[in-house]
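[1] need a 3D model of the sequence below.
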Amino acid sequence: MPLVAHNALPTFERLRRDGMTVLSTTRAAHQTIRELHVGLLNMMPDAAIEATERQFYRLVGESNPIAQFYLHPFTLPTLPRGNKAQAHIAQFYESFDEIREKGLDALIITGANVSHPNLADEPFWQPLIEVIDWAWDNVTSTLCSCLATHAVMQFRHGQTRVKQPQKIWGVFEHRVTDPRHPLVGDVNTRFDVPHSRWNDISRAQFETAGVKVLAESAAAGVHLAVSTDGLRHVFFQGHPEYDTVSLLKEYKRDLLLAAAGKLDWPPFPQRYFDRRAQALLAEYGHRVKTGETLEFPESLLLPHLDNTWHDTAEAVVGNWIGCVYQVTHAERGLPFMPGVDPHNPLDLS
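    Next comes the predicted model:
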């Protein structure tokens, strides 16, 4: 079932314009389908905060026909914010105290920008740990994205991320390593996921922590893993929520910084730009390096971008929501969907 627009967050109207069904609270109240309340701890920097909302709201809203989804965005007060983002948060976001009082069925924690080699030195570390601790005891499942995965692995398992000699950047092929787990049920055995990170938690580190690896890439490492119990923590190292243009916008940002002498000239994200797009960017880069002032050719590049990951992302998030739904029903003694064994709602055998 669709998202429920229970506040005036602009993301809802943007998703409607994109063709997604979003219910008003009035319409939702007349349906008897079960509600699921999903928190979004959005730690992304100002430039990406609203795009990240849309990406995760879209994935959850498209994911599963079994519930109405109420999403509850919040952030951490120690994250630096400009005036525009502060106003957006003040108007549309909830506080962690409000989230804690009302409760959640599931939680998504996004990545964040960092400035210290050790995550424990970041100003957001202690507030983030407070959320992680609360969720472990009070939320059926927490989905950790990229930096959030690294933070939980360091905090709960003593496994610190390792800086890589080159940025893991692009669209990478992955394989399912345990097809029996319900999180990858009916997912292609080989699929793509975007990555954009300098740091990595290796398979050996996940396994040392007792975390089960469910999908990995020979080139990019582990993408999907799950805590020992099978659901309490779900770990992403990649970014399956990314829009088709997300890596293009990252490349544009880095390219413009390089043109201004603030960054080394960036390589192409792997398996993302086709030959025509690479030729356009090479010509643009050459002319900029020779002193020309040119507009970035984004409109010429867009027709050459493909999205090869969204269907799998939707399937995995749909499976995650389905698992949360079944477990919360078991805990609350509610009726199940047909075919679900109430004595074993999440079969992890």
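
[2] so V152 is in which element?
    Per DSSP states H and E: V152 is located in helix 147-157.

[3] and the helix or strand just after that helix, what's buried?
    From helix 147-157 onward toward the C-terminus, using DSSP H and E, the following helix or strand is strand 162-176. Neighbour counts over strand 162-176 (16 or more other CB atoms under 10 Å) mark K167, I168, W169, G170, V171, F172, H174, V176 as buried. All C-beta atoms are positioned from the backbone trio N, CA, C, and that covers glycine.

[4] next up, the contacts around the fifth one.
    Think V171. Contacts for V171 (CB atoms under 8 Å, 6 or more residues apart in numbering) come out as D192, V193, P194, L247, P269, Q270, R271, Y272, T308, W309.

[5] also V317?
    Here V317 is in contact with L59, V60, S63, L143, P240 (CB under 8 Å, 6+ apart).

[6] who does the fourth one bridge with?
    By that I understand L143. I108, V234 (DSSP bridges).

[7] gap between stretch 51-63 and the chain center?
    With CA atoms, centre = their mean, to the nearest Å as the basis, the distance from the averaged C-alpha position of stretch 51-63 to the chain average is 9 Å.

[8] my error: substitute stretch 78-87 in the last question.
    That offset, for stretch 78-87, works out to 21 Å (CA atoms, centre = their mean).

[9] neighbouring contacts of it?
    M43, D46, I49, I89, A112, P123, F124, P127.

[10] and of these, the nearest to L183?
    M43 (23.2 Å; CB to CB).

[11] confirm the closest one sits in a strand?
    No: according to DSSP: H, G, I helix; E, B strand; the rest coil, M43 belongs to no strand; its state is coil.

[12] would CSV of the contacts of V171 with pLDDT, distance to H116 and secondary structure be doable?
    CSV is the format used below for these (pLDDT from 0 to 100; distance: CB to CB, whole Å; DSSP: H, G, I helix; E, B strand; the rest coil):
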residue, pLDDT, distance to H116, secondary structure
D192, 98, 31, strand
V193, 98, 27, strand
P194, 98, 25, strand
L247, 98, 25, helix
P269, 98, 25, coil
Q270, 98, 27, strand
R271, 98, 31, coil
Y272, 98, 29, coil
T308, 98, 34, coil
W309, 97, 30, coil
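
[13] list buried residues within those.
    Counted by 16+ other CB under 10 Å, those give D192, V193, P194, L247, P269, Q270, Y272, W309 as buried.

[14] what about R275, neighbour count?
    A total of 8 residues lie near R275 under the criterion other CB atoms under 10 Å.

[15] revised request: answer the last question for D243.
    By the criterion of other CB under 10 Å, D243 has 17 neighbours.

[16] now do the one 5 residues further on
    A count of neighbours around L248, defined by other CB under 10 Å, yields 21.

[17] I'd like to know how far it sits from P297.
    11 Å (CB to CB, to the nearest Å).

[18] please apply the same query to R276.
    11 Å.

[19] so where do the helices sit in the stretch 51-200 of the chain?
    Listed in chain order, the helices of the stretch 51-200 of the chain (DSSP state H, counting those that start in this stretch) span 83-92, 96-102, 125-138, 147-157.

[20] pipe those into CSV and attach mean neighbour count, distance to P303 and mean pLDDT per row.
    As requested, the helices of the stretch 51-200 of the chain are arranged in CSV below (neighbours: other CB atoms under 10 Å; distance: least, CB to CB, whole Å; pLDDT from 0 to 100):
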stretch, mean neighbour count, distance to P303, mean pLDDT
helix 83-92, 14, 31, 96
helix 96-102, 14, 41, 96
helix 125-138, 16, 40, 96
helix 147-157, 22, 32, 96
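
[21] got these as TSV, with distance to L256 columns?
    Putting the helices of the stretch 51-200 of the chain into TSV (distance: least, CB to CB, whole Å) gives the following:
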stretch	distance to L256
helix 83-92	20
helix 96-102	35
helix 125-138	31
helix 147-157	24
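
[22] strands of the protein, start to end?
    In the chain, the segments counted as strands under DSSP state E are 3-5, 22-24, 35-41, 68-74, 106-109, 141-145, 162-176, 190-200, 212-217, 221-226, 233-236.

[23] roughly how far does D133 sit from A151?
    From D133 to A151 the distance is 12 Å (CB to CB).

[24] same list (the buried ones among the contacts of V171) but as TSV, adding distance to G285.
    Listed next are the buried ones among the contacts of V171 as TSV, based on distance: CB to CB, whole Å:
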residue	distance to G285
D192	26
V193	27
P194	22
L247	17
P269	15
Q270	17
Y272	16
W309	26
